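# Can you look at this prediction? I've put the sequence above it.
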Amino acid sequence: MNLTAVLLVATLAWPLTLLLACTVRPLRARMLPWLPLGALPGLLAALLAERDALFVFGSTRFPLAFAFDRPGAALLGVAALLWLAGGWYAAAYQAESPARGRFAVCWLMTLTGCLGVFVVADMVTLYGLLGLLTVGTTGLVMQEGTARALRAGRIYLSMALLAESLLLAAFVLIVSSAPGNTLLIVDAPAAIVASPWRDAILCLLIAGFGIKSGLVPLHFWIPLAHGAAPVPASALLSGAVVKASVIGLIRFMPLDHSPWLAGALLAAIGLFGALYAVLVGVTQRHPKTVLAYSSVSQMGVIVALIGMGMASGEGSAGLIAAYYAVNHVLSKGALFMAVGVVADTGRRRLWTVLLPAAVLAVGLGGLPLSGGALTKAVAKTLFGDGLAGTLATLSAIGTTVLMVHFLRCLKTFAATGPDDCAERGLRWPWLIMATASLVVPWTLYLMAPQNSLPDAISPYALWASLWPIVVGVVLSWALLRWKRQLPQLPEGDVVVGLAAMGNRVSALAAGLGQQLDAALRRWAIGGTVLLALTAVFAWGLRTLL
Amino acid sequence: MTTSGGPLLVAALLLPLAAMLAAFVLGRAQAPRVVACALPVGLLLALAILADLLCSGEALVYLLGAWQPPLGIALRADGLSAAMLLTTTVVLGVVAWFAWGDFAQPANAPEARQPLMFWVLLPAVWLALNTVFLANDLFTLYVALELLTFAAVPLVCLEGRPETLRAALRYLLFALLGSVLYLLGAVLLYGVYGTLDIAQLSTRVHPGVATWAAAVLMTVGLLAKTALFPLHLWLPPAHAGAPAAASAMLSALVVKGSFFLVIRLWLDVLPGEMMLEAGQWLAGLGAAAILVGNLVALRQRRLKLLIAYSTVAQIGYLFLMFPLAAGLVGMGLSDAPAVTGGLLQAVSHATAKAAMFMAAGLIYSTLGHDRIEDLQGVAQQLPMTVLAFALGGVALVGLPPSGGFMAKWLLLSAALTTGQWWWAAVMVIGGLMTASYVFSVVVRTIVAVDPEKMPKMAVPRYREASVLALAIFSFLLGCVALLPFEVVQVGRLGSVLP
Amino acid sequence: MTSITLFGLCAAVLIGLGVYGLIVNPQPLRKILAFNLIGSGVFLFFGMIARRGAASGLGGDPVPQALVITGIVVAFSATALAVALLLRLDAAGGPSGLDDAVDGES
């Protein structure tokens, strides 16, 4: 056991220990202030652990494996930072809540699942952690107990369980076709490419991880869930938790194998989603819902990056997608936190929050010198200048429009007292995350050998990131003029139709099942069925004669 | 030949018999103590049998009176028996722990029939199940099955309400019809092969009219006793109407008795090639059970009925192992993954379902009802119980590290390896449906309500602890996959191995 | 027609009548009697198999006879239990049919 192994195991084991401690009632009641500590080993692991490590514990048939690759390390680091800051924020935000014990339990479950996903390397543990993540997230979404929260939680839960069922099927298919039935994720891409069920596995993986990442048209649970959860939970769900699917796609998709057209399809779906979410997002009123739609849009871009990687056989696509996701973790986490800070800040101090929030928000669209601009420049190497590149630029413009819309919604959300000031437990985490989202993307950018500072601040690069912003701001101004003509779309857009249809189908099926059951439970019918079954078996086994 | 561990098998039968008789003779005041003393000994016995099995690597055999079959009667324990013996003892132990207060005799009260009957019937169920697991000839198995029914039926109507009496009568009559069909099949086999001993039959049985008729009659009879859809007419009212501790035994263990015989019949007695055909039919019924049982469970308004219908669905999973085992053998592979999957499913369901029924019982005794829509606030009142229910539910849904997950994983990979993806699809859909009703109950219980409005009925802490212990056992059961040995392959009769 | 065939046909008729009664007859007591009819059929069948052993030169196969006796004891206890339940049901004042509780929502 070296330091890396200890850190990787602690990333998973430490929050699990805190979770187990919550089974004791007095500890549970006092757990809230200690929530930030849960992510500490994860942060240390991201900073100190060696890259490209693999540790296998347990039996060879069902190993418990930990691994650390570069995309995982980058995402683990920022996710752990967000969990840390978010834990601090939550400790202040939920301090008065009567159900804070339950909140802590759900928080720790989600934390364990979320950080664990970045370090585990076998499919069984991954599946278990995704299950834990789902249960915890449902609890967080339902935390406020309102009808809206309960509905959002139910819809989230059914979608997440559906995703996990699809993923389970995919995992079993992968393992069945892998040589030696290995459960290690590292061997999955090669197994998928060689598998006779290749297309089925890909469809299952894309659908499963697609639901979890909010790929349009499977995105509708995101605005509901992220809108209904308490602010710190939304920040984590939108920032860190959805990235579990990103790391899943990066690790499972065969990126550095021969180019594959299916990737282009995935990229097309992703980019379509990126634009679609912007269009729906600008019709929303609540700042958290707007941010959730922005998440859907950004996740679409990330999925498209992975798709482009598959289509071009470009192995670095995973790292690029992870880099894009890192920026999104930080910015989105900070922006969600801003919503809570603004809600407690009066008119007089409002600018101290709104100004950094504006920088972050427009930075997400690619403001020159921001993390967003860097990620977009890196992403461009994959999107190229063709149709995909144009669509990606369009999505950057769209993001700017959406973010300006968000800032406008945010302003109306300020506290009523002019001198109100958010408490320290909210302000500090928000400031940390805001600073991190400016600093970390630059650090990571400059750590890569092929990038250099002069390239990043060359006039061409600045102009390339500036003009979509200018177009976006002009469009937002135009949007303001036509605001009244915009339709009012419900939160979660397609969910209304889908939910009605789902309810009707399930009611019909359950009704039929109940009638069948009631009939079979009548004695005369049951007895006759027994005789009929004898006849059926007699016929079915006639080969025995 | 009697093996060196053979006397352990006799002890495993005599111990519950002695406990049952002693409990009956000593009366209600001493009966719980008798059972409480016998169960730990039984646990040690089951562990000793398992250890002997793993050390020697072959089945334990005891010839009664040293008479050779077919005239004599043999007891035989292979890996399947040992695993089921252990499960039975563990579940019964926890049930007894849970029921300690429920069926305690209040001091100075006149002798009540219900507590005494419970403490006599518990070892009776134990005795019958042990006989089912250890007997090695078809007629002793018939007697054991009947014993099991006779012990289970009074458990259904312990409370003596008219509807439970009616449920018990339905159960009894349907089970009798099933066992008479089984007996007819066994008689046919005897008529042709001149023996009832399973080990001898497994080498003699060959296709023919009599084997065909016997296979059909015995299978259908056992399905009726196992309550596999569409023959489940007796199960929901019987399991939902009984007291919680009795429901736990009925749902967790009693239906497994006749299921165990289906395994014996198809894996050991009948020739392996027959299972290819029959497996599809059995699994077809299993799939129907999963889909319809879960659908009906989704619509139930009472918790205990929901759990009972969940049993109907979970029984379906057990039958998916047959075509998978046959498919593996057909491909020249070992059928161990499918059989282990089926066994783990049985054990996992036994522990999880017992925990869930007992949790429902505690909820019922606290609230005075078990209407699902009015369960708000239960998690505040009974946090350990709700946790136990949730963990049991997780094992049913099949999330790691539960035994249900390991079973599902083994069965899914067997289904996909043999190219029978449709069974895999049924399992995945069934898991999704199970998840939706389990979580909808749990979510309702964690809704916070004003503590003032909750009833003040206190549940003794040890009862909550017993339920939670069993649920945790079920939740961590998947970790047995980390052990280095395959229990089910020990002492298997060779008929289906390639 | 040999006596074995005759016994076999009798057994089949008994079982058939019993199954019919068990399924169709609504009254529990008649169902219990029908079950006994099935049981008798099966035991007759068992006796026939013992006779077959006699036909092949043995002096009658003793195993089926021992089993029939055990089977009769089992069937008798089953009947006793069923009748006891029926009496309790009657005393508890429930309607005697078996299908009333089908909805199970009480």
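Thanks, I have the structure now.
# which sections of the stretch 151-300 of chain B are below the confidence cut-off?
In the predicted model of the stretch 151-300 of chain B, no residue satisfies pLDDT under 70.
# which parts of it sit against chain C?
B:153-154, B:157, B:160-163, B:165-170, B:172-173, B:176-177, B:180, B:183-184, B:187, B:190-191, B:196, B:236-237, B:240 (C-beta under 8 Å from any C-beta of the partner chain). Where C-beta positions appear, they are placed from N, C-alpha and C, glycine not excepted.
# Also near chain A: which of the residues you listed, exactly?
B:170, B:177, B:236.
# check contacts around the residue in chain C that chain A sits nearest to.
Here chain C gets closest to chain A at one residue, residue C:23, 3.3 Å apart by C-beta to the nearest C-beta. Listed by C-beta atoms under 8 Å, 6 or more residues apart in numbering or on different chains, the contact partners of residue C:23 are A:523, A:524, A:527, A:528, A:530, A:531.
# Also residue B:431?
Neighbours of residue B:431 in contact, by C-beta under 8 Å, 6+ apart: A:165, A:168, B:397, B:398, B:408.
# Show me how far stretch B:219-234 is from its chain's centre.
14 Å (C-alpha atoms, centre = their mean, to the nearest Å).
# cool, and stretch A:413-431?
Worked out by C-alpha atoms, centre = their mean, stretch A:413-431 lies 27 Å from the chain centre.
# Which members of the residues of the stretch 151-300 of chain B next to chain C occur in helices, if any?
B:153-154, B:162-163, B:165-170, B:172-173, B:176-177, B:180, B:183-184, B:187, B:190-191, B:236-237, B:240 (DSSP state H).
# Confirm that residue A:65 sits in a helix.
No: under DSSP: H, G, I helix; E, B strand; the rest coil, residue A:65 sits outside any helix and is assigned strand.
# Next one, pLDDT for residue B:105 please.
On the pLDDT scale, residue B:105 is placed at 57.
# I meant residue B:86, not that one.
94.
# Report how many residues lie close to it.
Burial of residue B:86 is recorded as 20 neighbouring residues (other C-beta atoms under 10 Å in any protein chain shown).
# Name the nearest residue to it, sequence neighbours excluded.
residue B:46 (4.4 Å; C-beta to C-beta, 6 or more residues apart in numbering or on different chains).
# For that neighbour, give me its contacts.
Contacts of residue B:46 (C-beta under 8 Å, 6+ apart): B:12, B:82, B:85, B:86, B:88, B:89.
# CSV for the residues you listed, including secondary structure?
Below are the contacts of residue B:46 laid out as CSV (three-state DSSP):
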residue, secondary structure
B:12, helix
B:82, helix
B:85, helix
B:86, helix
B:88, helix
B:89, helix
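# Which residues of the stretch 1-150 of chain B lie near chain C?
Residues of the stretch 1-150 of chain B lying near chain C (C-beta under 8 Å from any C-beta): B:70, B:71, B:139, B:142, B:143, B:146, B:149, B:150.
# mind listing what the fourth one touches?
The reference is to residue B:142. B:179, B:182, B:183, B:186, C:71, C:74.
# try 6 Å this time
Going by C-beta atoms under 6 Å, 6 or more residues apart in numbering or on different chains, residue B:142 touches residue B:183.
# now do the second one
When contacts are counted by C-beta under 6 Å, 6+ apart, residue B:71 touches no other residue.
# Quick check: it is in a helix.
No: applying three-state DSSP, one finds residue B:71 to be coil, outside a helix.
# what phi and what psi does the backbone show at it?
phi -80, psi -40 (degrees, to the nearest 10).
# Count the residues that sit near residue B:247.
The burial count for residue B:247: 28, using other C-beta under 10 Å.
# element containing it?
For residue B:247, the host element (DSSP states H and E) is helix B:244-249.
# What are the contacting residues of that helix?
By C-beta under 6 Å, 6+ apart, the residues outside helix B:244-249 that reach it are B:95, B:98, B:99, B:102, B:125, B:155, B:158, B:239, B:354, B:357, B:358, B:361.
# same question, stretch A:355-362
Defining contact as C-beta under 6 Å, 6+ apart, one finds that stretch A:355-362 is touched by A:331, A:334, A:335, A:338, A:403, A:406, A:407, A:434, A:437.
# export the contacts of residue C:23 to CSV and tack on secondary structure?
Below are those laid out as CSV (three-state DSSP):
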residue, secondary structure
A:523, helix
A:524, helix
A:527, helix
A:528, helix
A:530, helix
A:531, helix
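# Done for today, thanks.
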